[in-house]
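>>> Got a predicted structure plus its sequence, pasted below:
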Amino acid sequence: MARSVLVVNGPNLNLLGSREPAVYGHSTLADIERELAQVAAGLGVALQTFQSNHEGGLIDRLHAARLDGTQFVIINAGALTHTSVALRDALAAVAIPFVEVHLSNVYRRERFRHRSLLADLAVGSIVGLGVAGYRLALEFAATYSLPPAAAPG
């Protein structure tokens, strides 16, 4: 059975390619998703993608992932990384291993971006490597040793 990976993108990431290209690059979200689909096919990974500008939409999708067979999450929560206790709680509640990805190096930016409310729950974080960060996260997800399933009861 193929590993099932969900890529979740938060607010404003739908504007990639035109939003601050000096910071985020020229690739669009569609470009990133297309590349990830190709990499996933080569790795034998079943890939799903989701983007929302709404915190509740992201939380609802993570809740659904708990029941749809998702085994690993790659998340770029955008600015919600630094502000959303609710998103953090959703990631903790679903207990699906995840990697946090940021296109820019958040540690070379404004001080408020230096703190992630998600990082201590994450298996790992990839920051500042641009689009390659998603590919690296997907390659990692494909080989990550999943924890054993909880015993019924």
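Done, it's in. Residues are numbered from 1 along each chain as shown.
>>> Give me the buried stretch members for the lengthiest helix in the chain, please.
Ranked by residue count and defined by DSSP state H, the top helix of the chain is helix 29-43. By neighbour count with 16 or more other C-beta atoms under 10 Å, helix 29-43 contains the buried residues 29, 32, 33, 35, 36, 39, 40, 43. In this view, the C-beta of every residue, glycine as well, is placed from N, C-alpha and C.
>>> what's the farthest-apart pair in the residues you listed?
Every pair in the buried residues of helix 29-43 was compared (C-beta to C-beta); the two farthest apart turn out to be 29 and 43, at 20.4 Å.
>>> that older thread, now for the longest helix of the chain, which elements pack on it?
Using 3 or more C-beta pairs under 8 Å, 6 or more residues apart in numbering; DSSP states H and E as the contact test, the elements touching helix 29-43 are strand 3-9, strand 45-51, helix 132-143.
>>> quick check, residue 101 in a strand?
Yes - counting by DSSP: H, G, I helix; E, B strand; the rest coil, residue 101 is located in a strand.
>>> I'd say it and residue 75 touch.
Yes - in terms of C-beta atoms under 8 Å, residue 101 counts as a neighbour of residue 75; the distance is 6.9 Å.
>>> for the longest helix of the chain, the distance to its chain's centre please.
Between the mean C-alpha location of helix 29-43 and the chain-wide mean there is a distance of 14 Å, by C-alpha atoms, centre = their mean, to the nearest Å.
>>> So what touches that helix?
Counting by C-beta atoms under 8 Å, 6 or more residues apart in numbering, the neighbours of helix 29-43 from elsewhere in the structure are 3, 5, 7, 9, 13-14, 16-17, 45-47, 49, 51, 131, 134-135, 138-139, 142.
>>> can we see that at 10 Å?
Contacts of helix 29-43 with the rest of the structure, by C-beta atoms under 10 Å, 6 or more residues apart in numbering, involve 2-3, 5, 7, 9, 13-17, 25, 27-28, 45-49, 51, 74, 76, 103, 130-139, 141-143.
>>> Show the low-confidence segments of the chain, by residue range.
1, 19-25, 107-110, 112-114, 148-153 (pLDDT under 70).
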